[in-house]
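In: task: produce atomic coordinates for the following.
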Amino acid sequence: MNSNTAPIDIVVAWVDGSDPILFKKRMGYLKGEEKKHPGAAATRFHSLEEVHFCVLSILKFAPFVRKLFIVTDQQDPNVHATVKKYFPNRISDIRIVDHTEIFEGYESYLPSFNSICISNMLWRIKGLADQFVYFNDDVFLTRPVRSEVWFKKGRPVLRGKWAFPPYERLLWDGIKARIQKTFLGQTQERVSSFQVNQWNAAHKLGFTYRYFRSGHTPLALNKQTLKTFFESHPRILKENIKHRFRNYNQFNTVALANHLEYTSGNRNFASSQAVYMQPHQRGDDYVDRKFTQCENDKNILFLCVQSLDLASKSDQDLVFKKMNQVLETQL
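Out: Model prediction:
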C-alpha cells in the first residue's frame, strides 16, 4: 500500500525536432551567425520516439499515477496507439497539452524552444494535481516504485545533493567573455550550463555558499509552491521566459522549487537513484554495462538516455532492445 493518498500526476516535456513545420519555425528565430546559438543545438530537439518507452515505463512501474500530461508545441507524439496496445484501460489518463495552454496570457513569449521556459509554466496545466513529477522524454523507470519515492508526508522528495557554487565555471566564463570583448570586439552568447542555471535559482533565493543540485532523474514538484512564487513575482517569471533558447542567466525551475521547499522546512532528501547514459562514441560494451547496472542494483529506479540521436544505429537499436526487455514490450 502507498501511504501517500493525494493524487500524483506526471508531466513529460516532448518535442520532435525533425518535424519540418517546427524546424522552419525554429530557424525563423535563428538568423545568420545566431544559428550557432549555444542553446539551439539540434540534439536538444531530436526525437527517436523515446517518449513511448517513457510513458510505458510509468504506466507499468508506477500504476498509482493518476494522469499523464505530455507537453508539446502543436505536435502529437502518437502514444495513444502504444498505450492502447499495452494499457488499454489507461487511454483516458493520457492528455496532450499544447504550449498555448500553459502560456495562456503570455502568448507573446511563444514560440519557445527553451525547456527552462516551458518548465517554468508547467504548473499552469489545467487539471494538474498539486503533486506532480516532471519527466523529460529520455527518462524511464526501470523497476516498480511506490508513491513515497516522490512524495512523503505530502511534500516532494528532493533528489540530489548539496554542492558548492560552480565558481570555477563562473570565473572561466567571465574571463572568456572579457577576452572576446576586449581583444576581438565580440559579445558572444555564453553556453548555457545545467549547473549554472541551478545555481542561478539558489542565488536568487539568497543562497550564498552552497546549492542543492539535482541530476537527470524524475523530479517531484508541488504545483502550489510554483504557483505562489510566480504569481507573487510576475517580473521574475517574465524575465526568465523571454529567452526563446536556453540562456546562461536563466534559472532552473526544479532548482527554484527545491530551494523554496528547503526554506519552508522540507527535509525529504534522497539521492538520484538514477543511471545516466550517453551512448555517443562510447566503448562497445557501454550500453550493456549501463543496463546491467540498472538490473543488478536494486537501488536504481531510473534511467536517463541522453542524446541517443548522436549514437550509432547499432547502439540505438541495442538501447531499444534493452528497453523492450525491461518493459516486456515489442516496440
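In: how about the strands in the stretch 101-250 of the chain?
Out: In the stretch 101-250 of the chain, the strands defined using DSSP state E, counting those that start in this stretch lie at 131-136, 139-141, 151-152, 155-156, 158-159, 161-163, 211-213, 219-222.
In: let me have the ones you listed in TSV, extended by distance to Val319 and mean pLDDT.
Out: All C-beta atoms are positioned from the backbone trio N, CA, C, and that covers glycine. Shown next, in TSV, are the strands of the stretch 101-250 of the chain (distance: least, Cβ to Cβ, whole Å; pLDDT from 0 to 100):
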stretch	distance to Val319	mean pLDDT
strand 131-136	15	97
strand 139-141	10	97
strand 151-152	30	98
strand 155-156	29	98
strand 158-159	23	98
strand 161-163	27	96
strand 211-213	26	97
strand 219-222	22	98
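In: with adjacent residues omitted, what lies nearest to Asp173?
Out: Leaving aside its chain neighbours, Asp173 sits nearest to Arg190 (5.4 Å; criterion: Cβ to Cβ, 6 or more residues apart in numbering).
In: these two touch, right, the one you found and Tyr248?
Out: Yes: using Cβ atoms under 8 Å, Arg190 is in contact with Tyr248, at 3.8 Å.
In: now do the shared contacts for the two.
Out: Counting by Cβ atoms under 8 Å, 6 or more residues apart in numbering, the contacts common to Arg190 and Tyr248 are Asp173.
In: re the thing from before, mean neighbour count and distance to Asn268 added to the strands of the stretch 101-250 of the chain, as a markdown table?
Out: Compiled in a markdown table, these are given as follows (neighbours: other Cβ atoms under 10 Å; distance: least, Cβ to Cβ, whole Å):
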| stretch | mean neighbour count | distance to Asn268 |
| --- | --- | --- |
| strand 131-136 | 24 | 12 |
| strand 139-141 | 25 | 19 |
| strand 151-152 | 20 | 5 |
| strand 155-156 | 20 | 6 |
| strand 158-159 | 22 | 6 |
| strand 161-163 | 13 | 14 |
| strand 211-213 | 22 | 12 |
| strand 219-222 | 25 | 9 |
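In: where along the stretch 1-150 of the chain do the helices fall?
Out: Assigned by DSSP state H, counting those that start in this stretch, the stretch 1-150 of the chain shows helices spanning 20-27, 50-61, 80-86, 99-102, 115-120.
In: if we can go back for a sec, now the strands of the stretch 101-250 of the chain as TSV including distance to Met27?
Out: Putting those into TSV (distance: least, Cβ to Cβ, whole Å) gives the following:
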stretch	distance to Met27
strand 131-136	23
strand 139-141	28
strand 151-152	41
strand 155-156	38
strand 158-159	36
strand 161-163	37
strand 211-213	33
strand 219-222	31
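In: for His99, find the nearest of these.
Out: Comparing these by their distance to His99 (Cβ to Cβ), the top pick is strand 131-136, with 15.6 Å.
In: each with direction, which strands does that closest one pair with?
Out: Each strand paired with strand 131-136, and its direction, by DSSP bridges: strand 8-13 (parallel), strand 219-222 (antiparallel).
In: quick one: low-confidence ranges for the stretch 1-150 of the chain?
Out: For the stretch 1-150 of the chain, the stretches with pLDDT under 70 are 1-4, 31-47.
In: for Lys238, grab the count of nearby residues.
Out: Using other Cβ atoms under 10 Å, Lys238 has 14 other residues around it.
In: about what we covered before: would you format the helices of the stretch 1-150 of the chain as TSV with distance to Leu327 included?
Out: Putting the helices of the stretch 1-150 of the chain into TSV (distance: least, Cβ to Cβ, whole Å) gives the following:
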stretch	distance to Leu327
helix 20-27	28
helix 50-61	5
helix 80-86	8
helix 99-102	29
helix 115-120	25
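In: what's the closest of the strands paired with strand 131-136 to Val196?
Out: Distance to Val196, taken as Cβ to Cβ, is lowest for strand 219-222 among those, at 17.9 Å.
In: how distant is the closest one from the center of its chain?
Out: Strand 219-222 has its C-alpha centroid displaced from the chain centroid by 11 Å (Cα atoms, centre = their mean, to the nearest Å).
In: sorry, back to before: model confidence for the residue nearest to Asp173, exactly?
Out: On pLDDT, Arg190 comes in at 72.
In: show me what contacts the residue nearest the centre of the chain?
Out: Nearest to the geometric centre of the chain sits Asn136, at 4.0 Å (Cα atoms, centre = their mean). Neighbour list for Asn136: Val12, Ala13, Ser115, His216, Cys304 [criterion: Cβ under 8 Å, 6+ apart].
In: tell me the most packed of these, by neighbour count.
Out: Going by other Cβ under 10 Å, Val12 tops those with 24 neighbours.
In: so that one sits against His52, correct?
Out: No: counting by Cβ under 8 Å, Val12 does not reach His52; the two are 10.9 Å apart.
In: circling back to that earlier point, ok, which of the strands paired with strand 131-136 comes nearest Val287?
Out: If we rank those by Cβ to Cβ, the stretch that ends up nearest is strand 8-13, at 22.9 Å.
In: who touches the closest one?
Out: 51, 54-55, 58, 62, 64-71, 115, 118-119, 122, 125, 128-129, 131-137, 147, 150-151, 218.
In: tell me how many other residues crowd Gln278.
Out: Residues near Gln278, counting by other Cβ under 10 Å: 17.
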